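Q: predicted model and sequence below, questions to follow.
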Amino acid sequence: MPIKIPDALPARHVLENENVFVIGEAKAMQQDIRPLKILILNLMPLKISTETHLLRALSNSPLQVEVDFLMTSSHVSKNTPREHLFAFYKVFEEVQANKYDGMIITGAPVELLEFNDVNYWSELSEIMDWSKMNVTSTFHICWGAQAGLYHHFGIKKYPLDKKMFGIFKHTVEKREEPLMRGFNDLYHAPHSRYTEVREEEILAHPDLVLLSKSEKAGVYMVMSKDRRQVFVTGHSEYDASTLKEEYDRDVAKGLDIEVPANYFPDDNPENDPMVLWRSHASLLYSNWLNYYVYQATPFELDKIT
């Protein structure tokens, strides 16, 4: 089934060139079907790239998905054209009365700040509180996962000695959990972060379940016991070149950055990256949409509580 997006969204052309089945607003209006309504709070600086990453991840499902993009009104994005934001994004006041089957909260480049020092923390906290009563399941990514774990469950984040940067092997800790169905015993996923949450604090919390971890990258996937909150500390949605673009950017800034681990063949940045996580990303998002959103949400959205 297709993913419904605005006709003029830049991601549409990229996805169509990849043979991803997308459907425009005009054609979607002719179909007698109730799509899953997903709200994406995009906190990433390069919003257009993130749109493409997430829409690609959501597209590999038999379920029709309709997406609304949300931005914070308390922070002005400097890396995305204002006309793009005005054309395709809403602010919280415009969606506050709505109900959604699912929600995604992205990462953000503010890891080294204390949560309360982030200039949109108050607004984000309000949105996260709202999601508990108005969204069936919320999927948090990277810093968004750390923010959600802290806001909802009081889990702290801690600085790392150096950036966790590259592709790492992960193990499944709860094989019986539907989100993990079809996962290999060992699978790969990208990480790009300067902070971490700690396994012992997750395991000690009575309302959290550790689903997956990495020997080198630490905690990877956590969920609330009611399955309405999913937290992923990495970036499974990244495409083949994203870590390379981050590495090149940091090198150009003169930062002391290591080559991303297990990413370039022979650890040589002149080589094309090796994609080891694509199947994991596809399975993760399709499992979330199926088991945590579609099979859990009421047919009438206003009955979400």
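A: Sure, I can see it.

Q: endpoints of stretch 69-76, how far apart?
A: Distance between the two ends of stretch 69-76: 15 Å, counting by CA to CA, to the nearest Å.

Q: tell me the mean pLDDT for it?
A: Across stretch 69-76, the average pLDDT comes to 92.

Q: assign a three-state SS to residue 49, would you?
A: On the three-state scheme (DSSP: H, G, I helix; E, B strand; the rest coil), residue 49 is labelled helix.

Q: now residue 209
A: Classification of residue 209 into helix, strand or coil gives strand, according to three-state DSSP.

Q: identify the residues contacting it.
A: 174, 177, 222-225 (CB atoms under 8 Å, 6 or more residues apart in numbering). Just so you know, the C-beta spots here come from the backbone N, C-alpha and C atoms, and that holds for glycine as well.

Q: same thing but 10 Å
A: For residue 209, the contacting residues are 173-174, 177, 179, 202-203, 221-225, 227, by CB atoms under 10 Å, 6 or more residues apart in numbering.

Q: continuing past the helix-or-strand element of the chain with minimal mean pLDDT, what's the next helix or strand?
A: For the chain, the helix or strand with the lowest mean confidence is helix 25-28, at a mean of 50 (criterion: mean pLDDT, DSSP states H and E). Following the chain from helix 25-28 toward its C-terminal end, the next helix or strand by DSSP states H and E is strand 36-41.

Q: okay, now the nearest residue to residue 269 once chain neighbours are set aside: neighbour count?
A: In space, residue 269 comes closest to residue 259 once its chain neighbours are excluded; the distance is 5.9 Å by CB to CB, 6 or more residues apart in numbering. A count of neighbours around residue 259, defined by other CB atoms under 10 Å, yields 16.

Q: hang on, the earlier thing: most neighbours, which of the contacts of residue 209?
A: Taking other CB under 10 Å as the neighbour criterion, residue 222 ranks highest of the contacts of residue 209 with 28 neighbours.

Q: which residues of this structure fall in strands?
A: With strands called from DSSP state E, the chain shows them at 3-4, 22-23, 36-41, 65-70, 89-90, 100-105, 135-141, 158-172, 186-196, 208-214, 218-224, 229-232.

Q: nearest to residue 56, of these?
A: With respect to residue 56, and counting by CB to CB, the nearest of those is strand 3-4 at 9.0 Å.

Q: pLDDT (mean, whole number) over that closest one?
A: The average of the pLDDT scores along strand 3-4 is 70.

Q: repeat that for stretch 92-101.
A: Mean pLDDT, stretch 92-101: 97.

Q: the closest residue to residue 93 other than its chain neighbours - how many residues pack around it?
A: The shortest distance from residue 93 to any residue other than its chain neighbours is 7.6 Å, reached at residue 73 (CB to CB, 6+ apart). Other residues within reach of residue 73, judged by other CB under 10 Å, total 13.
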